[in-house]
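> heads up, no residue letters with this:
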Ligand SMILES: Nc1ncnc2c1ncn2[C@@H]1O[C@H](COP(=O)(O)OP(=O)(O)OP(=O)(O)O)[C@@H](O)[C@H]1O
């Protein structure tokens, strides 16, 4: 890259930075139900913030309030310090993919983007750029109503990118995408954040989130449960011990600080050495079927955090 180009890039990047999402005591009630309850949160620029929570936790409602599709019962949501309703050309400030199927089914993908561009005074040349960026060029002339879920997601992402905004929200963007598409979205999120943009992303796919997000916000029953870097939530390695002798495994657990029964016959011991755990099991005459070091996963951390907040679960 030539030096002048580098300066141009950097100048571009800096112009995205600092446009945060700020939630202040954000609350939404639907009759008796409190969907979002007093959320105080800052979503910073220059990183991917994952937004997690069980079904019905209030993630979509929160995102809808940020982009003015739902009105808060109390509190406020601000984008770069302004309410969505006060932005003159909102798509230039914030892009969102919230519901991929919310497109006029009779319109082509291209016509949908042209209408969006016109409504926000975005140069029409940008339409072809974003169609190419999401790999929808060939299908752009077809009716959006005939798109597969994955194609609709790509069109939704194109719509979010159209105004080249510093703030981006994506609600379950990989839902319906093929493995190549999932990998593409991961790279896209990372590069948007690297340009200094604010990227707020919800997903139920924990392994995907672990690879994509820098920071996580977890909510349950409309309340904030965690707001922390991924590395803080996914804390270090654990020793996994497998044994068919469940009762003896419980006795081993009782002698190991940091031990937790993850499932019958499966023990996880945080902060221990595999050799020491193996020696102790040998001393106690415990039959082992497995002993290995595992990286603790985001899925485990998430399940622990939300265990009291799951409303729609099976036994
Ligand atoms: N328009 C509405 N009218 C009444 N209740 C609503 C409305 N929209 C959402 N809710 C309720 O608010 C709660 C939060 O829903 P929301 O869709 O925000 O959750 P979510 O975290 O996005 O869930 P999921 O992971 O299942 O998509 C749910 O109990 C839902 O039924």
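Cool, the structure landed. Everything quoted here is computed from the prediction, not taken from an experiment.
> which residues touch the residue of the stretch 201-315 of the chain at minimum distance from the ligand?
As assessed by CB to the nearest ligand atom, the ligand sits closest to residue 204 within the stretch 201-315 of the chain, at 6.5 Å. For the C-beta atoms, the positions are set from N, CA and C on the backbone; glycine is no exception. Listed by CB atoms under 8 Å, 6 or more residues apart in numbering, the contact partners of residue 204 are 52, 172.
> Wait, residue 196 touches residue 167, no?
No. Residue 196 is beyond contact range of residue 167, at 10.9 Å (criterion: CB atoms under 8 Å).
> which residues are in contact with both of the two?
Common neighbours of residue 196 and residue 167, counting by CB under 8 Å, 6+ apart, are residue 45.
> Looking at those two, which one has more neighbours?
Taking other CB atoms under 10 Å, residue 196 and residue 167 do not tie; residue 167 has more neighbours (23 against 19).
> what bridges to that one?
residue 94, residue 198 (DSSP bridges).
> what's near enough to touch it?
Applying CB under 8 Å, 6+ apart, the residues contacting residue 167 are 19, 20, 21, 45, 79, 80, 93, 94, 95, 197, 198, 200.
> Report how many residues lie close to the closest residue to the fourth one other than its chain neighbours.
When you say that, I think you mean residue 45. Setting aside the residues directly before and after it, residue 45 is nearest to residue 198 in space (CB to CB, 6 or more residues apart in numbering), at 4.4 Å. Neighbour count of residue 198, defined by other CB under 10 Å: 28.
> where in the stretch 101-250 of the chain is pLDDT low?
Applying pLDDT under 70 to the stretch 101-250 of the chain flags the ranges 235.
> ok, which stretches of it are strands?
Along the stretch 101-250 of the chain, the segments classed as strands by DSSP state E, counting those that start in this stretch run 167-171, 198-202, 215-220, 223-229, 237-242.
> possible to save the ones you listed as CSV with distance to the ligand?
Shown next, in CSV, are these (distance: least, CB to the nearest ligand atom, whole Å):
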stretch, distance to the ligand
strand 167-171, 7
strand 198-202, 7
strand 215-220, 7
strand 223-229, 12
strand 237-242, 28
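> Among those strands, which comes closest to residue 275?
Across these, residue 275 has its closest neighbour in strand 237-242 (9.4 Å, CB to CB).
> Could you pull out the buried residues of that closest one?
238, 239, 240, 241 (16 or more other CB atoms under 10 Å).
> Over to stretch 283-300?
Using 16+ other CB under 10 Å as the test for burial, stretch 283-300 gives 286, 288, 291, 296, 298, 300.
> The second one in helix, strand or coil?
The reference is to residue 288. coil (DSSP: H, G, I helix; E, B strand; the rest coil).
> Next, give phi and psi for it.
Backbone torsions for residue 288, taken as degrees, to the nearest 10, come to phi -110, psi 140.
> How about the last one?
Per-residue torsions, residue 300: phi -60, psi -50 (degrees, to the nearest 10).
> And the pLDDT at it?
We have a pLDDT of 80 for residue 300.
> What parts of the stretch 151-300 of the chain come near the ligand?
Proximity of the stretch 151-300 of the chain to the ligand, by CB under 6 Å from any ligand atom, involves no residues.
> which residue ranges form the helices in the stretch 151-300 of the chain?
Secondary structure of the stretch 151-300 of the chain by DSSP state H, counting those that start in this stretch: the helices cover 179-194, 206-212, 230-233, 246-254, 274-283, 298-306.
> and those helices as CSV, adding distance to residue 152?
CSV is the format used below for the helices of the stretch 151-300 of the chain (distance: least, CB to CB, whole Å):
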stretch, distance to residue 152
helix 179-194, 12
helix 206-212, 19
helix 230-233, 29
helix 246-254, 47
helix 274-283, 47
helix 298-306, 27
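> okay but residue 206 is in contact with residue 234, surely?
No. Between residue 206 and residue 234 there is no contact under CB under 8 Å: 9.8 Å.
> Could you name every residue contacting both of these two?
Both residue 206 and residue 234 are in contact with 297, 298, where contact means CB under 8 Å, 6+ apart.
> hmm, back to that, among the helices of the stretch 151-300 of the chain, which comes closest to residue 62?
Across the helices of the stretch 151-300 of the chain, residue 62 has its closest neighbour in helix 298-306 (15.7 Å, CB to CB).
> among the buried residues of stretch 283-300, which two are most distant?
The largest separation in the buried residues of stretch 283-300, counting by CB to CB, is between 286 and 298 at 29.9 Å.
> From the ligand, how far off is the residue lying closest to residue 17 once chain neighbours are set aside?
In space, and not counting its chain neighbours, residue 17 is closest to residue 196: 3.9 Å by CB to CB, 6+ apart. For residue 196, the distance to the ligand (CB to the nearest ligand atom, to the nearest Å) stands at 27 Å.
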